[in-house]
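**Student:** here is my input, please return the structure:
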Amino acid sequence: MALKTVAHEHTKEILEALGLKSFTRPFAGLIDSGDFGTVGTYVPIYPDEYKKLPPNLQRHVYLIAPGRYGLICFLPRTFEAPDGGKVAEVSTVFNAWGKMIKVAYKTDKGGEFETEHTIRQDKLLAYAKNKKLPVNTSVKITG
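**Tutor:** The predicted structure is shown next:
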């Protein structure tokens, strides 16, 4: 699943549809609960506001969590580790059916982290591929 930031013209249309001059509310961060790295930043949209929007504008709003909506306004360009280090090694674990069940990494500062958010995992694996980093893969068989 890929996220896309909302274009400025769509933000203007959404503001007009809601009868607002601007979004005077704080931005919120979408954080990976595994390593607390930033997945993206969004402007919250209240559930009643979402319901007021016509379908062509609702499609620009993401369901952040049950009952929480937002307009994605920032996505990190590259994968960033929470300790400020550079990713040095990546490991993945697959189950017997070929589904990726764990993605972890180590940094040059000695930090060891695990990602849980699928978008952040994809960004990490793309970063590893671009930087030609070693990716250790294993299969966990249970049962």
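**Student:** and N136, how many neighbours?
**Tutor:** 10 (other C-beta atoms under 10 Å). Every residue, glycine included, has its C-beta placed from N, CA and C.
**Student:** give me the beta-bridge partners of it?
**Tutor:** Bridge pairing for N136 (DSSP bridges) gives the partners S91.
**Student:** isn't it right up against S91?
**Tutor:** Yes. Applying C-beta atoms under 8 Å as the test, N136 and S91 come out as touching, 4.3 Å apart.
**Student:** tell me which element the nearest residue to R68 once chain neighbours are set aside falls in.
**Tutor:** Using C-beta to C-beta, 6 or more residues apart in numbering and skipping the chain neighbours, the partner closest in space to R68 is P44 (7.1 Å). Using DSSP states H and E, P44 sits in strand 38-45.
**Student:** repeat for G98
**Tutor:** Using DSSP H and E, G98 sits within no helix or strand.
**Student:** got phi/psi on it?
**Tutor:** Here is the backbone geometry of G98 (degrees, to the nearest 10): phi 90, psi 10.
**Student:** what of A28?
**Tutor:** Taking degrees, to the nearest 10 as the convention, A28 sits at phi -130, psi 150.
**Student:** quick one: neighbours of it, just the number.
**Tutor:** A28 is flanked by 15 other residues according to other C-beta under 10 Å.
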